[in-house]
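A.B. asks: Fold the following.
(one chain, ligands or ions: 1)
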Amino acid sequence: MPDDILVDIEDLQFNYDGRPVLQGINMKIPRGKVVAIMGGSGCGKTTLLRCIGGQLRPTGGRVRLEKHQVCEMSEAELYRLRRKMGMLFQFGALFTDMSVFDNVAFPLREHTDMSEEMIRDLVLMKLEAVGLRGARKLMPGELSGGMARRVALARAVALDPMLVMYDEPFTGLDPIALGVIGQLIRKLNDALGATSIMVTHDIHESLLIVDYIYFLNGGRVVAEGTPDEIRASKDPFVHQFVYAEVEGPVHFDYPAPSVRQELLAGVTRV
Ligand SMILES: Nc1ncnc2c1ncn2[C@@H]1O[C@H](COP(=O)(O)OP(=O)(O)OP(=O)(O)O)[C@@H](O)[C@H]1O
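C.D. replies: Numbering: from 1, shown residues only. All right, here's what the predicted structure looks like:
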């Protein structure tokens, strides 16, 4: 694998109970880049992140992260590998019974045997990077939504990960907080020399901060490109996302038989 590719995904397939969700995904994510993955609801974006992180075992294909074949690793090996991955899942839930400081210190205490003094210095550095050093004693219940997301961001990068994965980091934020989080994702990626993969529905923020965007539909990559290529694209999938059109090739309904079929089968009673 060329050295500049951190994550190499080849023909990745995943089924839930026999229902195909990922149907042959190919992606090469270079080191140092911020990449967005977009697509309609339920098209498999979170499933893809979980296959990269090794939380789900694919039914076919492979994921290489650096020199590691993620799909073939034991639980113990995955546990060690995850130390090098930061993850921020939807809403970036903080531990509500721990202060801001302890939330960010958590991965350091869990995965290293650093002294409390070192942990303190590192936590304060990460909180400084997200502009919340002064808020370290607050509890999550005392934070605004945007502040809580910034703490979750600081926690995701506490161990200086080589790869940071974000699952819908902008959900529920007002436009200003959303812009702040977007800028921080970019800034932290570059300051840490990390690589970031972000699942998001926010095309406009993505166009501002990422290096490359993949569009998924039906478990496959249907379009991809740099922000400039995406802006200039005539592809109908891309067009539907950029202009937030309800009608288009992306279907937002969960797959179902026709209403007529269901009525005939008598299964629509609730
Ligand atoms: N644990 C599960 N068991 C069975 N099916 C699942 C499970 N988790 C997800 N699915 C199904 O797999 C498909 C892909 O889900 P996934 O969460 O990856 O989609 P997504 O693109 O991230 O969606 P969204 O944008 O709405 O978060 C969906 O149809 C979902 O219903």
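A.B. asks: Would you state the predicted confidence (pLDDT) at residue 117?
C.D. replies: Note for residue 117: predicted pLDDT of 95.
A.B. asks: How about residue 208?
C.D. replies: So residue 208 comes in at 93 (pLDDT).
A.B. asks: List the contacts of it.
C.D. replies: 182, 227 (Cβ atoms under 8 Å, 6 or more residues apart in numbering). The way it works is simple: take the backbone N, C-alpha and C, and place the C-beta from them, glycine included.
A.B. asks: May I ask which helix or strand encompasses it?
C.D. replies: Assigned by DSSP states H and E, residue 208 belongs to helix 203-209.
A.B. asks: In that helix, which residues are buried?
C.D. replies: For helix 203-209, the buried set under the neighbour-count rule, 16 or more other Cβ atoms under 10 Å, comprises 203, 205, 206, 207, 209.
A.B. asks: Could you do stretch 133-153 as well?
C.D. replies: Here stretch 133-153 shows 133, 135-136, 138, 140, 143, 146-153 as buried, counting by 16+ other Cβ under 10 Å.
A.B. asks: got the phi/psi numbers for residue 170?
C.D. replies: phi -100, psi -10 (degrees, to the nearest 10).
A.B. asks: please renumber so the chain begins at 879
C.D. replies: Yep, numbering from 879; the last one is residue 1048 now.
A.B. asks: count of neighbours near it?
C.D. replies: 20 (other Cβ atoms under 10 Å).
A.B. asks: what's it in contact with, if anything?
C.D. replies: Counting by Cβ under 8 Å, 6+ apart, residue 1048 has contacts 1056, 1059, 1060, 1078, 1079, 1080, 1083.
A.B. asks: Per-residue pLDDT of it, please?
C.D. replies: In this prediction, residue 1048 has a pLDDT value of 91.
A.B. asks: State the distance from it to residue 1029.
C.D. replies: According to Cβ to Cβ, to the nearest Å, residue 1048 and residue 1029 sit 16 Å apart.
A.B. asks: who's the spatially most central residue of the chain bridged to?
C.D. replies: In the chain, the centroid-proximal residue (Cα atoms, centre = their mean) is residue 1044; its distance is 2.6 Å. Counting by DSSP bridges, residue 1044 is bridged to residue 966, residue 1076.
A.B. asks: wait, it sits on residue 1063?
C.D. replies: Yes - using Cβ atoms under 8 Å, residue 1044 is in contact with residue 1063, at 6.5 Å.
A.B. asks: any common contacting residues for those two?
C.D. replies: Joint contacts of residue 1044 and residue 1063 (Cβ under 8 Å, 6+ apart) are 1074, 1076.
A.B. asks: Among the buried residues of helix 1081-1087, which ones lie close to the ligand?
C.D. replies: Restricting these to those touching the ligand (Cβ under 6 Å from any ligand atom) yields no residues.
A.B. asks: Need the contact partners of the longest helix along the chain.
C.D. replies: Determined from DSSP state H, the single longest helix within the chain is helix 1053-1070. Helix 1053-1070 has contacts (Cβ under 8 Å, 6+ apart) with 910, 912, 1007-1008, 1022-1024, 1027-1028, 1031, 1035, 1038-1039, 1042, 1044, 1047-1048, 1051, 1072-1074, 1076, 1080, 1083, 1086-1087.
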